[in-house]
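Engineer: here are the coordinates; sequence isn't available:
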């Protein structure tokens, strides 16, 4: 088990106050992504408002590989969103096929780059885990502020998901606008893992 995964499990035990955490099996790592090969295997998504300066069209946004910042290697995923309408969420999503149905804790760790720390919440980090592809901002957990510090910061997210007979699991992460400004962030070193709860 990697140090990052071990740290996540310890944090989960503390936050969730799980007394039997030591007995949990090691998580199954579904993917470790550093974006050195681009966005292959990932799907981009958005729920953004209309651009008032360009009626009938959404505000500008993009998710793309970039060599401008990297937590490891040479590349990361760059998230750009015109948040001047004080609204909008963009993300990367991925589907997995799980061998056995049942209850799981889905864990997502990401390294997240912000230009500055801010006492104002300019944006929030968006996370999702579930059995259907996310389609709208309300599908996401957006409780963690994006500008906690300048440079790289590791975020963790966990959610219990019951996987059905079809074995489908979706995860996603991205950014959600809060403040009326243009937003650029980078995400790297993504680890997605699965721990059975049954």
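Structural biologist: Structure's in. What do you need? In this text, all values refer to a predicted model and were calculated from it rather than measured experimentally.
Engineer: Centroid-nearest residue for this protein?
Structural biologist: In the chain, the centroid-proximal residue (C-alpha atoms, centre = their mean) is residue 173; its distance is 2.2 Å.
Engineer: Relative to residue 133, how far out is that residue?
Structural biologist: Residue 173 sits 14 Å away from residue 133, taking C-beta to C-beta, to the nearest Å as the criterion. For glycine as for every other residue, the C-beta is placed from the backbone atoms N, C-alpha and C.
Engineer: In the chain, what helix or strand scores lowest on average pLDDT?
Structural biologist: helix 3-16 (a mean of 46; mean pLDDT, DSSP states H and E).
Engineer: what secondary structure does residue 138 sit in?
Structural biologist: helix (DSSP: H, G, I helix; E, B strand; the rest coil).
Engineer: What about it, how many residues nearby?
Structural biologist: 9 (other C-beta atoms under 10 Å).
Engineer: what element comes up after the least confident helix or strand of the chain heading to the C-terminus?
Structural biologist: Using DSSP states H and E, the helix or strand that follows helix 3-16 towards the C-terminus is strand 28-33.
Engineer: Does that next one pack against any helices or strands, and if so which?
Structural biologist: strand 89-97, strand 182-196 (3 or more C-beta pairs under 8 Å, 6 or more residues apart in numbering; DSSP states H and E).
Engineer: Return the set of buried residues in the longest one.
Structural biologist: In this case it means strand 182-196. By 16 or more other C-beta atoms under 10 Å, the buried positions in strand 182-196 come out as 183-195.
Engineer: buried set for whichever strand or helix holds residue 156?
Structural biologist: Here residue 156 sits within strand 151-163, counting by DSSP H and E. By neighbour count, with 16+ other C-beta under 10 Å as the criterion, the buried positions of strand 151-163 are 152-153, 155-158, 161, 163.
Engineer: same thing with stretch 109-118?
Structural biologist: Here stretch 109-118 shows 109-114, 118 as buried, counting by 16+ other C-beta under 10 Å.
Engineer: Pick out the most distant pair among the residues you listed.
Structural biologist: The span of those, defined through C-beta to C-beta, is set by 109 and 118 at 22.8 Å.
Engineer: and stretch 155-169, what's its mean pLDDT?
Structural biologist: Stretch 155-169 comes out with an average pLDDT of 96.
Engineer: Show me what that stretch is in contact with.
Structural biologist: 7-8, 11-12, 95-110, 112, 125, 127, 129-132, 141, 144, 173, 194, 197 (C-beta atoms under 8 Å, 6 or more residues apart in numbering).
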